[in-house]
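In: this one's structure only:
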């Protein structure tokens, strides 16, 4: 009995079993501490799994000893490890940095329930990344979604309730579409296991139900991943959620849906289903392009910093979807790297917003005027993460933008227009970030008070740790690139 | 006969569209939750129908009876899980509607949006 063999299962079990224990604690601080420890342990497990993936690889884990394809299997490859790092990292960052902010947003009486829901969301998101079959992905998706709705609605802002209701409706439609697609595939192949599905698809003679299934799955997941114009739930949900919750969900929840999208469209359909890649590209690339351009343009006109960053997220999802829709090896690399780097940048930016709102109690850009002079440390970290979001050399964002541009240059005939779209959108990112940076450094505070009012040192240190990670992965991008390469080769499964 | 043989699938498609239409067109949030339940039930019916084998019985091995035809039990198990997920979603949705009613005093989507705009 070797503990290392059980890492894929522990990744889900640790947060899932800690959740009920956290609910039993009757004290907000203890509940927070327990949740932070569980989340930190999950992060540690994800690091161990990453090392294993890059080393000898992680063997398939058969739950309860029942061998796949009949038993439930858990699989961890480079792509899963990348997503696991994002999810557990974002959760730990949100919990560690959100203590003060959450104490203000959540009643002490309700806090244990809140942290329990947080851990369940974490368990669900990790579960999606390790599950080796389509139905478990659905169950984990619903576990994480239901818990996420609770987290978003937990704050004091009543607008969060109508936002979360919309998210619940759209999220459930997305998950149900996914389930219909899985049903069609099960009808034709008789299996739910991803690897087995890929094997058996080649023998299916009547492929129309599979094409329909691919449509249902892709649209369902695009709804959950907020691919433009299916993003309408996202800006309000991000804006009115408690700030620490936004750090968590903005960094990883949409990425996990993109992960399933990649897993299905490349791990299963690509190469096994005639004409699928063309259909997929024709569907996703125009949506991604309009998202890149329109969502960036909408972001420029936002007066609330959280909403501005939310629309920026829609645009960034567009980059990832564009790269994924190219159906090339370079495109897949770019998609995975941008998932990682965008999560890093957006997590840092929203963590800075946690600090801003903690001191000024407002996320409106006019009320944050002059904040750069009052909170120089936090604002400097915001600028670093903002540069990474734009894709300035030396930051993590540059690496993925570079891969993205190289990938789209490879598209015959369309290379130049696509590069133009990416450049225009990046320039718009400069505009919307500059709008905030200018107000923050040169604006006059609403009450004319310019005295320093930094947040406590631990939070500032954490923000700087996150900001420096953006620079570190810009100068030494070895880890995400190695994971993305490993992920690409398993997704394309020897077709290269 | 062909049409009748596909009866369940027709019901699946019709229920799915009724649910989706009501989700989009109804302003009352409770009605939206009901529409969501219809939408999900359609998918349950789809899975249960595909598991049925002509002349098949419940998959229980009986002593002394050979060559039995069984219906596929797996989709039924899947749907048992999906029903639990559906119930949880409905319950959470209704809980949010209760909270919305406490805060806004209405369960009409357009009225809530109008109040949000004013604030």
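Out: Ah, there it is. Please read these numbers as outputs of a predicted model, since none were measured by experiment.
In: how would you label the nearest residue to residue A:163 once chain neighbours are set aside: helix, strand or coil?
Out: Sequence neighbours aside, residue A:236 is the residue nearest to residue A:163 in space, at 3.7 Å (criterion: C-beta to C-beta, 6 or more residues apart in numbering or on different chains). C-betas here are computed from N, CA, C, even on glycine. Taken by DSSP: H, G, I helix; E, B strand; the rest coil, the conformation at residue A:236 corresponds to helix.
In: need the contact list for residue A:236.
Out: For residue A:236, the contacting residues are A:159, A:162-163, A:166, taking C-beta atoms under 8 Å, 6 or more residues apart in numbering or on different chains as the criterion.
In: Quick check: it vs residue A:348, distance?
Out: Residue A:236 sits 22 Å away from residue A:348 when distances are taken as C-beta to C-beta, to the nearest Å.
In: would JSON lines of the contacts of residue A:236 with neighbour count and pLDDT be doable?
Out: What follows is the contacts of residue A:236, written out as JSON lines (neighbours: other C-beta atoms under 10 Å in any protein chain shown; pLDDT from 0 to 100):
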{"residue": "A:159", "neighbour count": "18", "pLDDT": "88"}
{"residue": "A:162", "neighbour count": "22", "pLDDT": "89"}
{"residue": "A:163", "neighbour count": "24", "pLDDT": "91"}
{"residue": "A:166", "neighbour count": "17", "pLDDT": "92"}
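In: Torsion angles phi and psi at the residue of chain B most remote from its centre?
Out: Counting by C-alpha atoms, centre = their mean, the extreme residue of chain B relative to its mean C-alpha position is residue B:64, 39.5 Å from that point. Comment: the main-chain dihedrals of residue B:64 come out as phi 80, psi 0, following degrees, to the nearest 10.
In: And it, how close does it get to chain A?
Out: Computed with C-beta to the nearest C-beta, to the nearest Å, the distance linking residue B:64 and chain A is 27 Å.
In: Show me what from chain B comes close to chain A.
Out: In this structure, chain B approaches chain A at residues B:16, B:20, B:23, B:29, B:32, B:36, B:39-40, B:43, B:46-47, B:50, B:75, B:78, B:81-82, B:85, B:88-89, B:92-93, B:96-97, B:99-100, B:103-104, B:109, B:112-113, B:116, B:119, judged by C-beta under 8 Å from any C-beta of the partner chain.
In: Buried ones among those?
Out: B:16, B:20, B:23, B:29, B:32, B:36, B:39-40, B:43, B:46-47, B:50, B:75, B:78, B:82, B:85, B:89, B:92-93, B:96-97, B:99-100, B:103-104, B:109, B:112, B:116 (16 or more other C-beta atoms under 10 Å in any protein chain shown).
In: Which positions in the helix or strand where residue A:378 lies come out as buried?
Out: For residue A:378, the host element (DSSP states H and E) is helix A:376-390. For helix A:376-390, a neighbour-count test (16+ other C-beta under 10 Å) marks A:377-379, A:381-390 as buried.
In: just the helices in the stretch 51-200 of chain A please.
Out: Counting by DSSP state H, counting those that start in this stretch, the stretch 51-200 of chain A has these helices, from start to end: A:78-97, A:99-105, A:111-130, A:134-153, A:159-189, A:194-201.
In: How many neighbouring residues does residue A:201 have?
Out: For residue A:201, the tally of surrounding residues (other C-beta atoms under 10 Å in any protein chain shown) stands at 20.
In: nearest spatial neighbour of it, skipping sequence neighbours?
Out: residue A:272 (4.0 Å).
In: Fine by me, we can end here.
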